[in-house]
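Colleague: what follows is a predicted protein model with its sequence.
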Amino acid sequence: MAPRRSHLEHVSRKIFEIFTSAYTPDMAKQSRGEATVERLLAAALEVFSTSGQAGLTVHAVTKASGVSLGSLYHHFGSLDGLAAALYGACLQQTYAEALGAVDRARTARTGIRAFVTTYLRFIQENPAVARYLHGSAYSSYLAVDADRARGVEPDHFPRVADHLRRWTATGEIAAIPDPLLEVLIVGPVAVTAHRWLAAPEDITLDQAARVLSDRIWASVAAAH
């Protein structure tokens with residue numbers, strides 16, 4: 001069942017705020033342009049949510065948003081540019097929730113648990129965003145394109161290891177190269193989310209959060 005339109009509008013507003021946070025002050029003052037960007041992002045999310053990858057076309061997005069094709073190309077360059085921007089913003093929104101929970105944790109173990117539980121809860125509560133992140137063909141390569149289109153250096157992927165640095169420094173988390181540390185933490189959670197979206201009857205996210213929190217912690221905890 002597709003999420004209600006009001007929920008999509010709420011989510012797309014958050015996405016719009018993340019996307020426009022990278023704009024310069026002069027660009028941010030262009031309220032008419034901002035409204036157009038918001039409508040296009042909201043429409044792209046809605047179209048993907050209701051029609052899937054095959055339905056995400058220029059015609060569908062312009063029809064759903066009421067924005068002209070020329071405006072879409074003006075703001076995003078192409079449909080791929082729009083899809084990339086939406087992916088990057090969905091990614092940032094998802095990680096903002098999870099990493100914020102990590103930053104509030106007092107110990108490494110509770111930090112890992114906070115990341116796992118918050119990420120999976122966000123997936124469950126925001127299925128439109130989750131399906132786009134885990135089901136879009138754009139997810140593998142277009143986030144960098146979105147940054148380049150906005151004149152931003154391609155540094156889009158949230159750096160989970162940066163938020164764990166205080167615990168690697170104290171020896172609570174093992175000295176593991178950052179990319180591998182992130183694979184150990186993010187990999188199981190992302191695969192679980194993908195599996196749940198594809199076959200929700202096979203797994204419960206509450207159970208997954210309990211099991212994965214302990215297993216992931218065991219894989220990254222320093223030996224004492």
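Modeller: Received it, and whenever you're ready, just let me know what you need. Just so we're clear, the structure is a prediction, and the values are computed from it rather than from any experiment. Numbering: from 1, shown residues only.
Colleague: so in this structure, where's the weakest helix or strand by average pLDDT?
Modeller: Least confident helix or strand of the chain, by mean pLDDT, DSSP states H and E, is helix 142-149 with a mean of 43.
Colleague: list the buried ones in the helix or strand following that helix?
Modeller: Note on helix 142-149: by DSSP states H and E, the next helix or strand toward the C-terminus is helix 165-169. Residues of helix 165-169 classed as buried by neighbour count (16 or more other CB atoms under 10 Å): 167-168. Using the backbone N, CA and C atoms, a C-beta is placed for each residue, glycine as well.
Colleague: same check on stretch 49-61?
Modeller: 49, 56, 60-61.
Colleague: centre of the chain to that stretch, how far?
Modeller: Using CA atoms, centre = their mean, to the nearest Å, the mean C-alpha position of stretch 49-61 is found 19 Å from that of the whole chain.
Colleague: repeat that for stretch 161-179.
Modeller: Centroid separation between stretch 161-179 and its chain, computed with CA atoms, centre = their mean, is 23 Å.
Colleague: residues in contact with it?
Modeller: Outside of stretch 161-179, the residues within contact range by CB atoms under 8 Å, 6 or more residues apart in numbering are 99, 102-103, 107-109, 111, 159, 181-182, 184-185, 220-223.
Colleague: return the members of those classed as buried.
Modeller: Among those, those scoring as buried are 99, 102, 108-109, 111, 181-182, 184-185, 220 (criterion: 16+ other CB under 10 Å).
Colleague: dump these to JSON lines, plus secondary structure.
Modeller: Rendered in JSON lines, the data for those read as follows (DSSP: H, G, I helix; E, B strand; the rest coil):
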{"residue": "99", "secondary structure": "helix"}
{"residue": "102", "secondary structure": "helix"}
{"residue": "108", "secondary structure": "helix"}
{"residue": "109", "secondary structure": "helix"}
{"residue": "111", "secondary structure": "helix"}
{"residue": "181", "secondary structure": "helix"}
{"residue": "182", "secondary structure": "helix"}
{"residue": "184", "secondary structure": "helix"}
{"residue": "185", "secondary structure": "helix"}
{"residue": "220", "secondary structure": "helix"}
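Colleague: good, wrapping up.
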